[in-house]
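Colleague: okay, predicted coordinates and the sequence, questions at the end:
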Amino acid sequence: MRFDFDYFLSLLFSTRFFEPVAIVIAVSATAMVIGVVVGTIGGIVSNSPLPLLQRLVRLYVTTIRGVPVLVQIVFWYNGLPALTGGAVNLSAYAAGIIALGINEGAYMTEIVRSGIQSVDRGQREASQALSLSYRSMMMKVILPQAVRIAIPPTGNQVVNLIKNTSLLFTVAIPEIFATGTNIFSANFKYFEVIAVVAIWYLLLAVGYGFLQRTLERRFAKGRRTLYDLAAA
Amino acid sequence: MATDARADGSGREPIIVLEEVNKSYGPVHVLKGVSLSVGRGEKVVICGPSGSGKSTLIRCINGLEEHQGGRISVEGVQLGPKTLSAVRREIGMVFQSFNLFPHLTIKENCMLAPMEARGLSKAEAEERSLDYLKRVHIAEHAHKYPAQLSGGQQQRAAIARALCMQPRIMLFDEPTSALDPEMISEVLDTMMELAESGMTMVCVTHEMRFAQKVADRVVFMDQGAIAEVGPPDRLFNSPSSDRLALFLRRILTH
């Protein structure tokens, strides 16, 4: 087999992947928003004095983490209509976004939970001594600090999510991988096409890495290291 | 016979009253029927060996620790689940490890509780916070984050933060124990100024100089009970128990 370098370059710099990339970004962003919202609620509940809700959250996390994402996607797209006799029939995008978002929410629940738990106990005590309500304490003291702790692992999750969108080719969403399979099943240039597909995912991951560093810097305020102080 | 710590002897109106307070962590009995009454404007220093229950005792006063037996009342209100927030309103607390909010500037640290729990406007809270930061002599650092300040400055900021809630009582839980030696005096000076303003203060500390200068009474705790109570001069110069004498020898020669 020969590597068709000219074809590889022309595909890499063609516009064929622009729309799939836009789809991946849009789907990832939407699913991530769902994941963060669900995860924040789950994380707060996990640290709250509400045993019944806590158990529900545990069940959710255990179930989602134990089932492959691909299975979850097919469940939302094919399983749910079959179960409800067609009463609930989600579009491929809705099913895909919900599946990825709900999956993400389980991991984010664990991240937010551990973020809240790693905020120093003294912060709660100081809040209580200052008569802050539970809500004020969470919103103004604990969560802002938990977020800072949660941001690096969340970055991992975003990259995972971007890569997981490739599973949506099973429900015929024209994302990057699906576009690639369409191309190579027509011209059989497997290697060239899959190399371009891989490069696009890599670019997205690297691009997100820059965004992540900006976020981490922004949330680092008040936590400057001695090194920063010496340089200032 | 336990020393009766209820008698203040000064004729002050009692503001904190502890009666037979008991507290256990599982099988460990940390407070064994502690009774103590603190008068309005009185300065009480609590000392004792580590594990004697002194920190637990003051943490019970504002409900950071729950007590299991006996009664605690503050300003005539008995501490319980329903009165917890009312009691906490009257009490400010300063911690060994400062517990400033690291993501907020010093000024924001001071503004948060007055705005969230007292409904002050931002402008009012800001004015109040600068007022108290001036009193503890760190107004020029108002815009900085806690990590940018020295330990002594952080602790003074924490004192200002507590004062911004305008409490009638201030509790200090080993406020200088986490500080480098050269920063201890700036915090003690701030506490002395506060004492002069007439604030009711209960301080867990081993700073005997401070106790000597400021305290109306010193409480010596040992093994979860009050072993001895009295004016600092009498306690330090003629301790009536061997345990106190031993304790004083240890901390004065360390």
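Modeller: Looks like it came in fine.

Colleague: pLDDT weak spots in the chain?
Modeller: In the absence of a named chain, chain A is used. Within chain A, the segments meeting pLDDT under 70 span A:1, A:221-232.

Colleague: my question was about chain B, not that one.
Modeller: Across chain B, the ranges flagged by pLDDT under 70 are B:1-10, B:253-254.

Colleague: for it, which residues are neighbours of chain A?
Modeller: Residues of chain B lying close to chain A by CB under 8 Å from any CB of the partner chain are B:62-64, B:85, B:88-89, B:91-93, B:95, B:97, B:99-105, B:112-113, B:116-117, B:145-148, B:161-162, B:165. (Each C-beta comes from the backbone N, C-alpha and C, glycine too.)

Colleague: now, of those, which are buried?
Modeller: Neighbour-count burial (16 or more other CB atoms under 10 Å in any protein chain shown) is assigned, among these, to B:62-64, B:88-89, B:91-93, B:95, B:97, B:99-105, B:112-113, B:116-117, B:145-148, B:161-162, B:165.

Colleague: in strands, which of those residues fall?
Modeller: When those are checked against strands (DSSP state E), the matches are B:91, B:92, B:93.

Colleague: excluding its backbone neighbours, what's nearest the second one?
Modeller: The spatially closest residue to residue B:92, leaving aside those adjacent along the chain, is residue B:162, at 3.3 Å (CB to CB, 6 or more residues apart in numbering or on different chains).

Colleague: mind listing what the one you found touches?
Modeller: A:129, A:130, B:92, B:93, B:94, B:170 (CB atoms under 8 Å, 6 or more residues apart in numbering or on different chains).

Colleague: doesn't residue A:165 lie inside a helix?
Modeller: Yes. Under DSSP: H, G, I helix; E, B strand; the rest coil, residue A:165 sits within a helix.

Colleague: that one reaches residue A:100, doesn't it?
Modeller: Yes. Using CB atoms under 8 Å, residue A:165 is in contact with residue A:100, at 6.9 Å.

Colleague: which parts of chain B are strands?
Modeller: Here chain B has its strands, by DSSP E, at B:14-25, B:28-39, B:43-47, B:69-74, B:77-78, B:91-94, B:169-173, B:200-204, B:217-222, B:225-230.

Colleague: the ones you listed: which one's closest to residue A:137?
Modeller: strand B:91-94 (14.8 Å; CB to CB).

Colleague: report the longest helix in chain B, please.
Modeller: Counting by DSSP state H, the longest helix found in chain B is helix B:181-196.

Colleague: can I get the contacts of residue B:162 in a markdown table with distance to residue A:3?
Modeller: Output for the contacts of residue B:162, formatted as a markdown table (distance: CB to CB, whole Å):
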| residue | distance to residue A:3 |
| --- | --- |
| A:129 | 68 |
| A:130 | 67 |
| B:92 | 73 |
| B:93 | 71 |
| B:94 | 70 |
| B:170 | 76 |
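
Colleague: in these, find the pair that's most separated.
Modeller: For the contacts of residue B:162, the maximum inter-member distance is 12.7 Å, found between A:130 and B:170 (CB to CB).

Colleague: looking at those two, which one has more neighbours?
Modeller: Shown here are residue A:130 and residue B:170; by other CB atoms under 10 Å in any protein chain shown, residue A:130 has more neighbours (27 against 22).

Colleague: any idea which of the contacts of residue B:162 is closest to residue B:209?
Modeller: The closest of the contacts of residue B:162 to residue B:209 turns out to be residue B:94 (CB to CB; 18.2 Å).
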